[in-house]
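**Student:** After the sequence you'll find the predicted model.
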Amino acid sequence: MSPNSEENSAIPHAFVSEGPVGTRVWKVWSPLWKLRNHREGRLFPPLATLGMLVLLSPYQLTNWIASFRGVTIWDPKSVFVLADGRYLDHVIPFVPWTIFVYYTIFLFYLALPLAAPKTKDGHRELLVTIQFIALASWFAYLVFLLFPAQVDLRAQALSLGATEGSLGPFYAGFHWLDRPFNSWPSLHVAQTFLAAIGMTHWWAREGRKLRIMALWILWTALALSTLTTKQHFLWDALTGFALGLAGWWFGLKPALQHLAKKNRQNEINLASVSN
């Protein structure tokens, strides 16, 4: 199929189901797909970010519903109890300045579309990556509603002056945005893990080893910040990582591998035609 024939097709090649489950771009992206080359592709990254935030927006509704119900069916900190009877989550120190690391989740949202190759294949890989981030998030939303647990660690942070001083507005902002029923699995960990996987996939092809190393150092710091800001239990961080890992291993990994193989085959076909 030639580029022109794809542009004029009612169902672009990117939307056709093929290979492993998850390689198809959802039709909800159709308006964005048509604009991917508009203004030399400069609009695609911000519009992809906006689309991702729209797909993730049900979080706020589920969070408020869980908060309104105020139901806690179990206590995640009870999973990790020290020999002296103390909870491990209470022993983990509150480190106020790590709220800045916690906020870097928004950098992952912005960096993911910017890191994708500025090609049709790169755009398709980006949208597929966003789709798996959305699927993992939607699974977590169900857990928030069906197995609610209140993050009562915030009381520990508040007693240590989290909302006071120069850092107060940063904590107050997140405490208002995230009601304390966003316990497990941690979306901070799961979403950014899948975003980091996507960026690593592209940067590895470009040989950007230092950039990849810095990315995973930041991701590790972000995951730890969910604990040191008292925004999450240790159980939340571990299950968030498990969710991200499952989304990658069973979905995103085979999808990206298939798309990369498909891209290489297309390049070979184009080279043979030109010769």
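**Tutor:** Right, received. Where do you want to start? Values in this document were obtained by computation on a predicted structure and should not be read as measured data. Residues are numbered from 1 along each chain as shown.
**Student:** Can you give me the distance of V95 to R208?
**Tutor:** Taking CB to CB, to the nearest Å as the measure, V95 falls 30 Å from R208. Quick note: C-beta positions are derived from backbone N, CA and C, even for glycine.
**Student:** nope, D121 is what I meant
**Tutor:** Distance of D121 to R208, given as CB to CB: 18 Å.
**Student:** Need the residues that contact stretch 248-258.
**Tutor:** 19-23, 125, 128-129, 132, 135, 193-194, 197-198, 201 (CB atoms under 8 Å, 6 or more residues apart in numbering).
**Student:** For L35, give me the pLDDT.
**Tutor:** On pLDDT, L35 comes in at 87.
**Student:** Can you tell me, leaving aside adjacent residues, what's nearest to L32?
**Tutor:** Spatial nearest neighbour of L32, chain neighbours left out: L47 (5.3 Å); criterion: CB to CB, 6 or more residues apart in numbering.
**Student:** Then T226?
**Tutor:** H232 (4.1 Å).
**Student:** And what about the one you found, helix, strand or coil?
**Tutor:** Classification of H232 by DSSP: H, G, I helix; E, B strand; the rest coil places it in coil.
**Student:** check which helix or strand covers P180.
**Tutor:** P180 is part of no helix or strand when elements are defined by DSSP states H and E.
**Student:** swap in T220?
**Tutor:** Using DSSP H and E, T220 maps to helix 209-228.
**Student:** and that helix, what does it pack onto?
**Tutor:** Judged by 3 or more CB pairs under 8 Å, 6 or more residues apart in numbering; DSSP states H and E, helix 209-228 is in contact with helix 99-102, helix 105-115, helix 187-205, helix 234-247.
**Student:** buried residues in the longest one?
**Tutor:** By neighbour count, with 16 or more other CB atoms under 10 Å as the criterion, the buried positions of helix 187-205 are 187-203.
**Student:** angle of that helix against helix 234-247?
**Tutor:** With axes from the mean of the first three to the mean of the last three CA atoms, to 10 degrees defining the directions, helix 187-205 sits at 40 degrees from helix 234-247.
**Student:** gap between helix 187-205 and the chain center?
**Tutor:** What separates the centre of helix 187-205 from the centre of its chain is 8 Å, taken as CA atoms, centre = their mean, to the nearest Å.
**Student:** tell me the average confidence for stretch 163-170?
**Tutor:** With pLDDT averaged residue by residue, stretch 163-170 scores 86.
**Student:** ditto for stretch 215-233
**Tutor:** Averaged across stretch 215-233, the pLDDT comes to 97.
**Student:** how about that stretch as CSV, C-alpha atoms only?
**Tutor:** Only the C-alpha atoms of stretch 215-233 are listed here, as CSV (Å, rounded to 0.1, in the frame of the first residue of the first chain):
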residue,chain,number,x,y,z
LEU,A,215,15.8,7.8,32.7
TRP,A,216,15.8,4.7,34.9
ILE,A,217,17.6,6.5,37.7
LEU,A,218,14.8,9.1,37.6
TRP,A,219,12.1,6.4,37.5
THR,A,220,13.7,4.6,40.5
ALA,A,221,13.7,7.9,42.4
LEU,A,222,10.1,8.5,41.5
ALA,A,223,9.1,5.1,42.7
LEU,A,224,10.8,5.6,46.0
SER,A,225,9.3,9.1,46.3
THR,A,226,5.8,7.5,46.5
LEU,A,227,7.0,6.1,49.9
THR,A,228,9.0,9.0,51.2
THR,A,229,6.2,11.5,50.5
LYS,A,230,3.7,9.2,52.4
GLN,A,231,1.5,9.2,49.3
HIS,A,232,1.6,5.4,49.0
PHE,A,233,2.2,2.2,51.0
